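Trainee: Make a model of this:
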Amino acid sequence: MADADDVRRVALALPHVVEIRSDGFDFRIADKGFVWSYPERRPGRPRVLRTDIAVLFVGDEAEKQALLLGEPTIFFTTPGYDGWPLVLLRLAAVDVGRLEELVTDAWRMRAPDALLSDIQEAHDVSSVRSVLP
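Mentor: Numbers count the residues shown, from 1 in each chain. The predicted structure is shown next:
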């Protein structure tokens, strides 16, 4: 089961990530958001920032629909996100390993090509460290 602290740890471990001041979490790469707290809006009520739900960039509508249809207990959307390549992720429904995969994929889709080699280098170094005694 993942939580907001896990999102923060995973996002900040990625190269060139900036955390935007927020009551929840909000992470950017090259001024583009890739994961942030869900700003829940209900008619007639003030917005509530939900740190138990992450808004996650997924790239395109096809990927969004695949996630929503394939794993409806994990991913959902609201009318405010119609037409946007974003899904809502129930953090309590994923383990930290899956969260790392999702956040890293979102980072890759938003990062400029010039920065993508940085994550490969970081991955190569961590892979070498994991096999060293």
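Trainee: use CA for all of it now, contacts and neighbours both
Mentor: OK.
Trainee: Where do the helices of the chain begin and end?
Mentor: Counting by DSSP state H, the chain has these helices, from start to end: 4-12, 61-70, 96-110, 113-131.
Trainee: Export those as a markdown table, with columns for mean pLDDT, distance to Lys32 and mean neighbour count.
Mentor: Putting the helices of the chain into a markdown table (pLDDT from 0 to 100; distance: least, Cα to Cα, whole Å; neighbours: other Cα atoms under 10 Å) gives the following:
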| stretch | mean pLDDT | distance to Lys32 | mean neighbour count |
| --- | --- | --- | --- |
| helix 4-12 | 97 | 13 | 18 |
| helix 61-70 | 97 | 18 | 15 |
| helix 96-110 | 96 | 6 | 18 |
| helix 113-131 | 55 | 13 | 12 |
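Trainee: Okay, buried residues for stretch 18-29 please.
Mentor: Neighbour counts over stretch 18-29 (16 or more other Cα atoms under 10 Å) mark Val18, Gly24, Phe25, Asp26, Phe27, Arg28, Ile29 as buried.
Trainee: Which pLDDT value belongs to the closest residue to the fourth one other than its chain neighbours?
Mentor: The shortest distance from Asp26 to any non-neighbouring residue, by Cα to Cα, 6 or more residues apart in numbering, is to Trp36 (4.1 Å). According to the predicted model, the pLDDT of Trp36 comes to 98.
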